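Engineer: for reference, the sequence and a predicted model appear below.
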Amino acid sequence: MDSVARAGGEASRRFAGRLAHEINNVLMALQGYAELLQIGLGGEPPDEMAGIRRACDRLGLLTRRLLQFGGRWALRVRDVSARELVDGLAERIAKRCAAHPGIALEVGPLDVDTAAHLKADAGALEVCADALVDNAVEAMRGTGTIRFGAHVQGAMLAIDLADSGPGMERDVLDQACEPMFTTHRERKAEGLGLSVVVGLVHLHKGELDLTSAPGAGVRATMLLPLASEIDAA
């Protein structure tokens, strides 16, 4: 069964990559026609033009997430201070939460030694943090608390993000990382956030651990191997 699941996952990622390129071709055409239309209209753009631009922006985000899920993200790996990485993610998460007045952020503890290092693409992990925050905000419907922390767990760096949302039943939790799965269809969620996080964390030879229960929110933990563990592989 594991081999079948892996084969299915690989097929899904290949399909996602091809689909992303096809969507991007259409998106570029739409953006070009929108520009020509705006030139023809002249003056201040009407509200309909703003709607077209918002739709293109959303389609562009979907394309990027499909590419990320499809494994087309080329990691720019370098030696990174684990503490600097965690501090940078904390700052980024704080800015993202500040965009939502109903969201409170609690940071800490950040129990990471300054001597700890890992091989990582900080930009890719920022994408993961963004997706986890967006998922949490969506689950809490814009009102609640996000908790961010980090610690060293054996030879792994554990980066935690938890929310005070409604949590998930076991059957929902089991599907949460599957591509296109979402419980927020009515809010036009595309269901790619967690699958993108899983893909990028796996590229770092790490794991994403999700825990939840009804009424207890969701805790997402990115487990990333520290540099010595990677070098030994």
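Structural biologist: Perfect, thanks for sending it. Model, not experiment: these values are computed from the prediction.

Engineer: please, which helix or strand holds residue 151?
Structural biologist: Assigned by DSSP states H and E, residue 151 belongs to strand 144-153.

Engineer: whichever helix or strand comes after that strand pairs with which strands, and in what direction?
Structural biologist: Per DSSP H and E, the first helix or strand lying C-terminal to strand 144-153 is strand 156-163. Paired neighbours of strand 156-163 in the sheet (DSSP bridges): strand 144-153 (antiparallel), strand 218-225 (antiparallel).

Engineer: please name the nearest non-neighbouring residue to residue 82.
Structural biologist: Nearest non-adjacent residue to residue 82, counting by Cβ to Cβ, 6 or more residues apart in numbering: residue 116, 3.9 Å away. C-betas here are computed from N, CA, C, even on glycine.

Engineer: separation between that neighbour and residue 128?
Structural biologist: Separation of residue 116 from residue 128 (Cβ to Cβ, to the nearest Å): 19 Å.

Engineer: and what of residue 208?
Structural biologist: 8 Å.

Engineer: which ones are touching the residue nearest to residue 82?
Structural biologist: Shown in contact with residue 116 (Cβ atoms under 8 Å, 6 or more residues apart in numbering): 81, 82, 83, 152, 157, 226.

Engineer: hang on, the third one packs against residue 111?
Structural biologist: Right, residue 83. No - in this structure residue 83 lies outside contact range of residue 111 using Cβ atoms under 8 Å: 9.9 Å.

Engineer: quick one, which of these two is more surrounded?
Structural biologist: It is residue 83, of residue 83 and residue 111, that has more neighbours when counted by other Cβ atoms under 10 Å, with 18 against 13.
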